[in-house]
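S.K.: Below: sequence and its predicted model.
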Amino acid sequence: MFDRSSRPAGLARRGVLGAAASFAIVACTVCATGGPAQAASAGRAPLVPGNLLVSRVHYTGTASLITPGTTVLPTGAVAVADGSFAHVWDNVSVDENFGVTAPIHLDQITPSGKVVGSVTAPVGNPDAASRGHDQLVGSFSSKSELALNLSTGGNAVTFMGYVAPPNTLDASNSNTPGVFDPTNPDAQSVYRAVGELDTNGKFSVTETNAYSGDNGRAAVLDDSTGRYYTAGNSNNGDGTSVPGTIYGTGAQLVTPAGRPEQAQDPGQPTPVGGFSVTQLPGITKADKLGKDTNFAGVTLHDGVLYYTKGSGSNGVDTVYFVDTTGTACPNGVGTPAPGAPLPTEADTYDAATGQPADNMCILSGFPTAPAKSVKTPDTGAPSNAASFGAIWFADPTTMYVGDAGNGDDTYAGGTFTAAAAQNLAGIQKWSLVNGTWTYDYTLNTGLGLGVPYTVPGLPAGTNPVTGRPWTPAVDGIRNFTGRVNADGSVSLYGVTTSVGGVSDYGADPNKLVTVTDDLAATRRPAGATFTTLETASAGDGLRGVSATPGTTR
């Protein structure tokens with residue numbers, strides 16, 4: 001049930017220019033899944049319904065960005081490496097918050113891997129000393145960012161980033177201007193923001209004070225309520241008594257600004273929900289506030305808001321939903337109540353602690369063990385440690401969930417052995433059976449978990465700082481999307497996570513991959529093997545994938 005197949009280390013790189021998937025889906029000017037191609041602004045290639053968008057950050061720093069032994073980083077540490085890729089990430093050895101902001105590109109490709117074009121998020125004026133120009137960047141090498149989500153009506157794609165110029169240091173752990181934590185060692189202030197790309201290729205940006213001290217990871221727009229629902233984490237200090245770092249984390253509600261960035265003045269964060277381990281039977285001691293809702297992914301399905309948690313030592317690494325009725329899960333676990341409305345206003349929270357009301361539940365059938373108690377490795381049981389990411393519903397009773405892998409870079413005998421030994425990393429399939437979600441199998445054949453692959457532009461040999469080879473390997477899949485085909489098959493497109501020799505392996509070049517599954521299967525089909533559509537170049541990181549705006553679900 002948990003077969004693995006390794007991709008040979010010597011297999012030639014397959015890029016989007018000319019790569020072909022293992023199944024045929026032909027792009028068209030007018031697609032059955034959407035409508036006619038929409039004109040893009042500024043002369044860009046039109047966004048064609050039925051195509052894919054892939055978020056990519058491109059490192060633009062140069063050696064002169066940082067001077068070893070001279071440049072003082074925002075945390076007060078003195079840099080040990082210059083700004084050239086890939087040794088710039090050696091600075092994490094003195095600054096665990098180290099990161100460099102980078103432009104965000106949304107690459108449009110056909111489902112078979114052909115490049116159509118690319119849209120770049122606004123970067124403003126890189127020389128501006130203060131805010132006043134539209135800006136939205138990602139943080140290299142924050143690997144948990146830039147998930148892409150198609151809105152419920154298919155009219156827009158959304159994601160999250162930072163309001164800062166490219167090549168800003170340590171933005172991803174900074175405070176936000178409206179939520180200041182004096183214990184955060186990275187004391188600069190940077191707004192987080194939701195980016196929206198519509199069917200005409202037009203960007204809009206909405207700033208928020210949420211996620212102070214950490215990052216916003218995903219956002220989804222509900223076209224009926226006009227609200228963004230976002231996922232992320234906050235709190236980079238030990239000041240958990242700062243209420244804004246607690247009610248400004250996890251599940252957030254953001255109202256589109258409708259005004260240019262320079263005219264925005266975002267208020268305090270607005271939580272849409274919260275969860276505490278004390279909701280579970282037999283647990284009386286709460287986890288660290290602001291860290292038990294360290295959410296990775298968010299999705300909307302059938303009027304219900306779902307979240308995943310996949311990292312951290314607090315809370316439960318599992319799948320959640322927001323219960324607006326207060327009746328669906330009296331013991332912290334359940335299934336959504338039929339017809340429950342989506343939340344459209346901020347959740348209430350304790351003014352003294354900042355803890356939102358406990359209106360979130362673990363989805364029945366998914367793990368319920370607190371992260372503190374999960375010590376076993378990934379041996380194939382879904383109750384063990386998970387690193388959940390994106391969620392995609394193929395139908396009301398079939399769900400796919402990304403598992404980003406264990407992040408263990410143990411290396412021996414030419415293989416990243418801990419990554420290679422995993423059974424759950426990849427894309428998991430779950431089925432709803434008698435009111436409980438049941439694990440079916442994990443799709444990971446063909447990913448080559450733990451098997452190093454060569455990327456031109458990376459140094460040769462071994463990184464002396466990490467003692468690992470520069471060649472990266474696949475660790476799992478965090479972000480992905482899917483579509484149901486007329487023949488009953490399911491096409492899934494995922495962005496891999498990596499382990500490797502770069503000092504921060506979020507900077508390792510990763511892959512866009514695809515696999516075909518049988519929607520009706522409860523055992524993994526023998527032919528369900530991943531194919532690589534694209535391998536990122538050195539200095540690029542792929543982060544999220546979705547259908548283009550205009551694609552109907």
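M.R.: On my side now, so go ahead.

S.K.: start to end distance for stretch 410-417?
M.R.: 6 Å (C-alpha to C-alpha, to the nearest Å).

S.K.: how about it: buried residues?
M.R.: Residues of stretch 410-417 classed as buried: Tyr411, Thr415, Phe416 (neighbour count, 16 or more other C-beta atoms under 10 Å). C-betas here are computed from N, CA, C, even on glycine.

S.K.: Relative to Leu146, which of these is nearest.
M.R.: Distance to Leu146 across the buried residues of stretch 410-417 (C-beta to C-beta) is lowest for Phe416, with 24.0 Å.

S.K.: Nearest spatial neighbour of the closest one, chain-adjacent residues omitted?
M.R.: Nearest non-adjacent residue to Phe416, counting by C-beta to C-beta, 6 or more residues apart in numbering: Gly450, 4.1 Å away.

S.K.: close enough to count as contact, that neighbour and Gly413?
M.R.: No: using C-beta atoms under 8 Å, Gly450 is not in contact with Gly413, being 10.7 Å away.

S.K.: in which helix or strand would I find Tyr441?
M.R.: In the assignment (DSSP states H and E), Tyr441 maps to strand 436-443.

S.K.: meant to ask about Thr245, not that
M.R.: Assessed by DSSP H and E, Thr245 sits inside helix 243-247.

S.K.: who does the following helix or strand past that helix touch, helix- and strand-wise?
M.R.: Per DSSP H and E, the first helix or strand lying C-terminal to helix 243-247 is strand 252-254. Applying 3 or more C-beta pairs under 8 Å, 6 or more residues apart in numbering; DSSP states H and E, we find strand 252-254 packed against strand 203-208, strand 227-232.

S.K.: residues in contact with strand 252-254?
M.R.: 194, 206, 208, 210-211, 216, 219, 227-232, 269-272, 343-347 (C-beta atoms under 8 Å, 6 or more residues apart in numbering).

S.K.: Can you select the buried ones among those for me in ChimeraX?
M.R.: Per 16+ other C-beta under 10 Å, the buried members of the contacts of strand 252-254 correspond to this ChimeraX selection:
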select :194,206,208,210,211,216,219,227,228,229,230,231,232,269,270,271,272,343,346,347
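
S.K.: Throw the helices and strands packed on strand 252-254 into TSV and include mean pLDDT, thanks.
M.R.: Shown next, in TSV, are those (pLDDT from 0 to 100):
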stretch	mean pLDDT
strand 203-208	95
strand 227-232	97
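
S.K.: got the contact list for the residue nearest to Phe416?
M.R.: Per C-beta under 8 Å, 6+ apart, neighbours of Gly450: 6, 415-422, 473-475, 499.

S.K.: helices or strands up against the helix or strand Glu534 falls within?
M.R.: Element membership of Glu534, judged by DSSP H and E, is strand 531-535. With contacts taken as 3+ C-beta pairs under 8 Å, 6+ apart, strand 531-535 sits against strand 511-518.

S.K.: partners of the strand it packs on in the sheet?
M.R.: Strand pairing for strand 511-518, using DSSP bridges, gives strand 489-499 (antiparallel), strand 531-535 (antiparallel).

S.K.: Tell me which of these is the most buried.
M.R.: strand 489-499 (a mean of 26; mean count of other C-beta atoms under 10 Å).

S.K.: related to what we said a few turns ago, just the C-alpha atoms of the strand holding Tyr441, please, in PDB.
M.R.: C-alpha atoms of strand 436-443 as PDB (Å, rounded to 0.1, in the frame of the first residue of the first chain):
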ATOM      1  CA  THR A 436     -16.000  10.000   9.600                       C
ATOM      2  CA  TRP A 437     -13.100  10.800   7.300                       C
ATOM      3  CA  THR A 438     -11.100   7.700   6.600                       C
ATOM      4  CA  TYR A 439      -7.500   7.600   5.300                       C
ATOM      5  CA  ASP A 440      -7.200   5.700   1.900                       C
ATOM      6  CA  TYR A 441      -3.700   6.100   0.700                       C
ATOM      7  CA  THR A 442      -0.900   8.500  -0.100                       C
ATOM      8  CA  LEU A 443       0.200   9.400  -3.700                       C
END
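
S.K.: right, and the helix or strand after the strand holding Glu534?
M.R.: Next along the chain after strand 531-535, taking DSSP H and E as the criterion, comes strand 540-547.

S.K.: Tell me, how many residues neighbour Val94?
M.R.: Neighbour count for Val94, taken as other C-beta atoms under 10 Å: 15.

S.K.: again, but for Gly334
M.R.: 18.

S.K.: how many neighbours does the closest residue to Asp223 other than its chain neighbours have?
M.R.: Leaving out its chain neighbours, the residue that sits closest to Asp223 by C-beta to C-beta, 6+ apart is Gly153, at 3.5 Å. Around Gly153 there are 13 other residues, counting by other C-beta under 10 Å.

S.K.: Repeat that for Leu447.
M.R.: Number of residues near Leu447 (other C-beta under 10 Å) recorded here: 31.

S.K.: Pretty sure it sits against Phe530.
M.R.: Yes: between Leu447 and Phe530 there is a contact under C-beta under 8 Å: 5.1 Å.

S.K.: residues bridging contact with the two, i.e. touching both?
M.R.: Going by C-beta under 8 Å, 6+ apart, residues that sit against Leu447 and also against Phe530 are Gly426, Val513.

S.K.: any idea which helix or strand carries Ala346?
M.R.: Here Ala346 is assigned to no helix or strand, by DSSP H and E.
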